[in-house]
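Enquirer: fold the following and give me the result.
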Amino acid sequence: MTLQVQNGNTEVDGSSPLYRQPQLEPQSEFGLPWRMEAGLDVAPSDPPDAYRPMLNIKWSPIAEDYRIPAAAIGVSQLGVGFTPSYYLVLSKTLDYAQVQYQKFRAHHRNIKLRGVRVHAGILGVGNVWHALLGTDVEVSDHFVIYSDWISGARNAVSFGGVLVIDQHLSIQASFLRGNDEGPPSGVLVNITHTFDITRPLEW
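Expert: All right, here's what the predicted structure looks like:
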């Protein structure tokens, strides 16, 4: 189980910057059988007010292999007052063979290769479909850099990093630049905590 908190308002300038209207959004994600995940988020359906719950569901039918990319299909923002979005994403570790080979070299287990991944897919919001591209690079055990882009004038390109404090806690931060804008005009911060559930919850 994963719990997150991020800022829904990403603007750093204008009439309503995030330090005036932070719009914190709690999020959750739960692992399910059959390679499925589900999440329940709370966000403003009419920013900055009218906070309501919305459901997200993801299915990963194909696991990554030496030649085959991983695939994920999902739907998000299922709730009253929100516009549902649908996506299909393929992701591949570029040095997958080298990383797997290194795991079996017993005398080199102290040398860890870093994964370099790329992903591509489509995102549908309402009746409009957008292309999406991205990449992430493991710099060290505690830091990952990434970048994502979604097509469309109202969408953005992001560039940032993830600070992995330990196996349970991480902090993500990125700059956002709208496709129809000049300099970066937004910032996103996400704090994530993962809980290990080894037995059923007792109520």
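Enquirer: now Q100, what's its secondary structure?
Expert: Following DSSP: H, G, I helix; E, B strand; the rest coil, Q100 is assigned to helix.
Enquirer: my bad, A97
Expert: Criterion first, three-state DSSP; result for A97: helix.
Enquirer: how much space separates it from V118?
Expert: Note on A97: its distance to V118, by CB to CB, to the nearest Å, is 15 Å. The C-beta positions use only the backbone N, C-alpha and C, and glycine is treated the same way.
Enquirer: go ahead and confirm V89 touches H119.
Expert: Yes - contact between V89 and H119 holds when scored by CB atoms under 8 Å: they sit 5.5 Å apart.
Enquirer: can you pull out the helices in the chain?
Expert: Counting by DSSP state H, one finds helices in the chain at the ranges 96-103.
Enquirer: which residues of it fall in strands?
Expert: Defined through DSSP state E, the strands belonging to the chain, from first to last, are 2-7, 24-32, 36-46, 49-62, 70-78, 85-93, 116-125, 128-140, 143-150, 156-164, 169-178, 186-194.
Enquirer: ok, which of these comes nearest L18?
Expert: Closest of the strands of the chain to L18 is strand 2-7, at 5.4 Å (criterion: CB to CB).
Enquirer: ok, and what's touching the closest one?
Expert: The set of residues external to strand 2-7 that reach it, using CB atoms under 8 Å, 6 or more residues apart in numbering, is 18, 22-30, 187-195.
Enquirer: what mean pLDDT would you report for that strand?
Expert: For strand 2-7, the per-residue pLDDT values average out at 93.
Enquirer: okay, and the beta partners of V128?
Expert: On the basis of DSSP bridges, V128 is bridged to V125.
Enquirer: so it makes contact with G152?
Expert: Yes - under the criterion of CB under 8 Å, V128 lies in contact with G152, with a separation of 7.3 Å.
Enquirer: these two: who's more crowded?
Expert: When neighbours are counted by other CB atoms under 10 Å, G152 comes out ahead of the other of V128 and G152, with 16 against 11.
Enquirer: now the more buried one: closest residue in space that isn't a chain neighbour?
Expert: For G152, ignoring the flanking residues on the chain, the nearest one in space by CB to CB, 6 or more residues apart in numbering is H130 at 4.8 Å.
Enquirer: contacting residues for the one you found?
Expert: I122, L123, G124, I150, S151, G152, N155.
Enquirer: can you add pLDDT and distance to Q4 and give these back as CSV?
Expert: Putting the contacts of H130 into CSV (pLDDT from 0 to 100; distance: CB to CB, whole Å) gives the following:
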residue, pLDDT, distance to Q4
I122, 97, 24
L123, 96, 20
G124, 95, 23
I150, 95, 20
S151, 94, 26
G152, 91, 25
N155, 87, 21
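Enquirer: from these, pick the one nearest E37.
Expert: Sorting the contacts of H130 by distance to E37 puts L123 at the head of the list, at 17.3 Å, by CB to CB.
Enquirer: measure the closest one to D141 for me?
Expert: L123 sits at a distance of 31 Å from D141 (criterion: CB to CB).
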